[in-house]
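Asker: here is a sequence together with a model predicted from it:
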Amino acid sequence: MARVKTENNKKVQITWKEMKKQSFLMIISFFMVVYGIIFYYWPLTGWLMAFQNYKPKKGLLGSKFVGLDKFKFLFEDAVFIKVIRNTFAMGVINLVTTTIMAVLFAIILNEVRRAWIKKPIQTISYLPHFLSWIVVTGILHVSLSPTGIVNDVLMRMGVIKQAINFFAHPKYFWWIVAFANCWKETGFNAIIYFAAITGIDPSLYEAASIDGADRLQKIRYITLPGIKPTFLILLLINVGNVLNAGFEVQYLLGNGLVQSVSQTIDIYVLKWGISQNDYSLGTAAGLFKSAVSILLIFIANAIAKRYSEERLF
Amino acid sequence: MKFKKITALLLSTVLMASMLAGCGGGASNATSGPADAQVDAAAPADDTAPADTADDTADASGDVKEFTMFITMPGSEINDDNEIAQMIADKWGVKVKETWLTGQTASEATGTLIAGGEYPDFIDSDEMNLLIDADALVPLDDYIDQYPEFRDTWFTPEEWDKFRQPDGHIYWINPFGNTLGETKQTTHNDEAFWIQVRVLEWAGYPKIQTMDEYFDLLEKYIAENPTMDDGTENMAYTILCEDWRYFCLENAGQFLAGYPNDGSVIVNKSNMTIEDYNVSEDTQLYFKKLNEEYNKGFVDPESFTQTYDEYIAKLSTGRVLGMVDQWWDFAYTVNDSFKQSGLDQKGCNYVPLGLTTKPGMENRWHTYDDTVNQASGIAITTDCEDPDAAFKFLVDCAMDQELHDLRWWGVKGVDYDVDADGLYFRTDEQRQNWADTSYQAAHRCQYSYFPQWHGTSRDGKNANKPEEQPSEFMNDMAEPLKNCFNAYGVTTYPQLIGSVKETNGPWFPMYSYSNNFTTETPGGVAWAKMGECKHEWLPKVVMAKNFDKGWAEYMDAYNACKPEDFIAEMQEILDTFK
């Protein structure tokens, strides 16, 4: 029998009386459940396509089932293997760099004592978050071109003799993407850490001061432990997002020369699902991505459970 | 408390209702869409809205049908109050709102339309097969038969048959490449190695036959003229490599070997076999030369990372001496901009050269016959509410000379004048206007993806398009370009390129078949993979420090795509013409 938790954690037997008492809540939640089914679970029936040779003309019910053929095609395709590698690599690089940058920025900003400097810096730093990727990649494309400002500065400083075409070399690509992500998201991601730091009891700092701790020691022994729970929860959530390494950046910055390192699963899905009209193959690739993401989040949660008190579920 | 409860309940009900409304709407659309699309009650109501905004030309505008059209090519939208569009609407009762490709590739845009399930009234896509798969197009056979005159003049029965899909229907009509009456071909509307006339002028108009001579000349010119008059650095050669436009890099090998533009393969007529130009000796020589020039620093280092817009902007500065491209891919925009900036007077215009790998070979860069690309064209979708009116306008575009003149020549007395012999001519100012982008948006309306004619007008005197009017063509040319034509003793671009005149086989062009390959067949999968492989490796080969090593690696990657599957399927198609 299902049991309902009440506020004081006593288990209550489901009875008609209890249901009548909670009738209002039940009516409201009924709508939400329906909403969830229609918008979250019903679309998942589309996953069927991954096991069919889907044709838009015939529809989901009329298309032929082909079992795991599409998955077989996927994993026999050397390009797809590279695509998985790229997605993982860029996802991890992005996760690590943006997290470090956000924590670092929040701490540095916290150490600024004057509000009239702090506030404008904070506002300015999160503004890039609201720019669309097309604008950001446009700026990158221009500034990193052989005649762009980056090459110009490097050449004038004597670091390089000849202009480098950054987008023509696969070795730079992941780092350009990571840089773009940091540039765009650092300020915005820092907001939550900044809030966490603000939430730390000021008396801790006062006590540390009395004990003779300097600034760095205060950061080391108070601020960092203070934001650890926030850090871990965000890390957990983001691990599940690693495979969402991005679509727009890679799509907009990529070109033929770097396609072996620039294509992510999302781009692969677009390429085969939409451009080649092979919805089934696209769905199969997307399904694979979801499955791996779920797996990742379970693993990360298990690890977190084991080593600390923070966890998602 | 009570109030809160009621509000909450109300809110969730509204949410629910709006959801269901959303679903219901979708469903009814889906069923009414493909059903026979005769005028329903909603249509007149739709039409009155634009009529209110239209100004004093009220008499006929009550019946103006507004259609939408999507073209999977980049283009410029015209203003909503465009003058000629309004004149066409007043007289022929139809206005078409054209939208063009932005940011996506043609196949992505088409795929997105299909996934969304809502279509514009007209569509011209490079991926027609996808639209047929999705049942998005209206069969046109019955409509075509309603207009026998159009049917008989536009295509021959054999040509119509090429458009018939496996289910026996015709779904689209290619609007281009048809010649009416006597041919007046003046432009080379094909691919070529292009070179600026100032380079030829500087060298005393030499005869350039091979790729080696071509690059030799560019190198020498750069050595003596590193900058333009205003100090901008000259650039010898650039390559456009973005998405499908990488033909500018990819397929010159077939031409250099003396074959016509079958696009995806070479057809060896002597034994009717399909050959793969990707692995041919001429192609290898071509890339070896590009590699050599790249390493010498004569090829634009941004070649493989630039976008189409960046490429056009680069050409428009006049600093690029040469490149491979199709005329229609650059000339309209770039020539207009040269005219605006006066660079045409400095010899920045491009002329085509019919290069081959060895001197004295025949070249087939230019196609003399009409090329009917049966892979794409204008189609009417199942979402069109009045396919009868839509098709009638399509026919009008082809069959009504007045409409054709309005689209291509403009308004008599404004955009062109008529001399005593009835020949159309334009003044410098009129030509300048016609090339001006803001004037084009406000005044010019070509409906450029609707049927159109080359050749001679029905009046028997004028050309259907101004650029083909001999007097117009000569007057429109800047001085340096004229001098170049005179020096080589030619009067048109095709004469300059000097291709062999011959009739192409009924299979020509083979690309119109390969363009419609899908991943359903092994050949289609191979074709998709080959494209991807070439996109990555051709630039790498050109940039390689060691060409032979780079080429060998490329060949390994290329052969892994199983090109033989693709070639075999192309051979099957060619065999049907034996």
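Answerer: Right, received. Where do you want to start?
Asker: what stretches of the chain score poorly on pLDDT?
Answerer: Just going to use chain A. Where chain A drops to pLDDT under 70, the residues are A:1-11.
Asker: should've been chain B
Answerer: Low-confidence segments of chain B, defined by pLDDT under 70: B:1-62.
Asker: mind giving me the domain split of it?
Answerer: For chain B, automatic domain parsing gives the domain ranges B:64-181+B:372-460, B:191-365+B:482-575.
Asker: now do chain A
Answerer: What automatic domain parsing lists as the domains of chain A is A:4-65, A:70-307.
Asker: does the last one reach chain B?
Answerer: If I follow you right, that is domain A:70-307. Yes - judged by CB under 8 Å from any CB of the partner chain, domain A:70-307 and chain B are in contact via A:78-79, A:134, A:141, A:145-147, A:163, A:165, A:167-168, A:255-257, A:259-260, A:270, A:272-278, A:281. To be clear about C-beta, it is placed using only N, CA and C from the backbone, and glycine gets the same treatment.
Asker: which element is B:F193 on?
Answerer: Element membership of B:F193, judged by DSSP states H and E, is strand B:191-196.
Asker: with only the CA atoms kept, save that strand in CSV.
Answerer: Written as CSV, here are the backbone C-alpha positions of strand B:191-196 (Å, rounded to 0.1, in the frame of the first residue of the first chain):
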residue,chain,number,x,y,z
GLU,B,191,32.0,27.3,-63.1
ALA,B,192,35.5,28.5,-64.1
PHE,B,193,38.8,29.7,-63.0
TRP,B,194,38.1,33.4,-62.8
ILE,B,195,40.8,36.2,-63.0
GLN,B,196,40.5,39.9,-62.7
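Asker: helices or strands up against it?
Answerer: Secondary-structure packing of strand B:191-196 (3 or more CB pairs under 8 Å, 6 or more residues apart in numbering or on different chains; DSSP states H and E): helix B:211-224, helix B:252-256, strand B:320-326, strand B:350-353.
Asker: could you redo the last one with a cut-off of 6 Å?
Answerer: The contact analysis (3 or more CB pairs under 6 Å, 6 or more residues apart in numbering or on different chains; DSSP states H and E) places strand B:191-196 against strand B:320-326, strand B:350-353.
Asker: dump those to a markdown table, plus mean neighbour count and distance to B:E242.
Answerer: Below are those laid out as a markdown table (neighbours: other CB atoms under 10 Å in any protein chain shown; distance: least, CB to CB, whole Å):
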| stretch | mean neighbour count | distance to B:E242 |
| --- | --- | --- |
| strand B:320-326 | 22 | 12 |
| strand B:350-353 | 24 | 19 |
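Asker: are any of the residues of domain A:70-307 next to chain B buried, and which?
Answerer: By neighbour count, with 16 or more other CB atoms under 10 Å in any protein chain shown, the residues of domain A:70-307 next to chain B hold A:79, A:141, A:145-146, A:163, A:165, A:167-168, A:255-257, A:259-260, A:270, A:272-278, A:281 as buried.
Asker: quick revisit: report the angle between the strand holding B:F193 and helix B:211-224.
Answerer: With axes from the mean of the first three to the mean of the last three CA atoms, to 10 degrees applied, the angle from strand B:191-196 to helix B:211-224 works out at 20 degrees.
Asker: name the strands paired with strand B:191-196 and say parallel or antiparallel.
Answerer: The pairing partners recorded for strand B:191-196 under DSSP bridges are strand B:320-326 (antiparallel), strand B:350-353 (antiparallel).
Asker: what residues of it count as buried?
Answerer: Buried positions in strand B:191-196, judged by neighbour count with 16+ other CB under 10 Å: B:E191, B:A192, B:F193, B:W194, B:I195, B:Q196.
Asker: which of those sits closest to chain A?
Answerer: For the buried residues of strand B:191-196, the minimum distance to chain A (CB to the nearest CB) is 19.3 Å, reached by B:E191.
Asker: where does the stretch 51-200 of chain B get nearest to chain A, residue-wise?
Answerer: As assessed by CB to the nearest CB, chain A sits closest to B:G111 within the stretch 51-200 of chain B, at 3.3 Å.
Asker: on that earlier part again, closest to A:D214 out of the domains of chain B?
Answerer: Proximity to A:D214, assessed across the domains of chain B by CB to CB, is greatest for domain B:191-365+B:482-575 (49.2 Å).
Asker: how far off centre is that closest one?
Answerer: 16 Å (CA atoms, centre = their mean, to the nearest Å).
Asker: tell me where the stretch 101-250 of chain A has helices.
Answerer: For the stretch 101-250 of chain A, the helices defined by DSSP state H, counting those that start in this stretch cover A:115-126, A:133-143, A:149-156, A:170-198, A:202-210, A:215-218, A:224-239, A:248-253.
Asker: how about the shortest one: buried residues?
Answerer: Of the residues in helix A:215-218, those buried by neighbour count under the rule 16+ other CB under 10 Å are A:K218.
Asker: sorry, back to before: okay, the helices and strands packed on strand B:191-196 in JSON lines with distance to B:K220 next?
Answerer: Below are the helices and strands packed on strand B:191-196 laid out as JSON lines (distance: least, CB to CB, whole Å):
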{"stretch": "strand B:320-326", "distance to B:K220": "11"}
{"stretch": "strand B:350-353", "distance to B:K220": "16"}
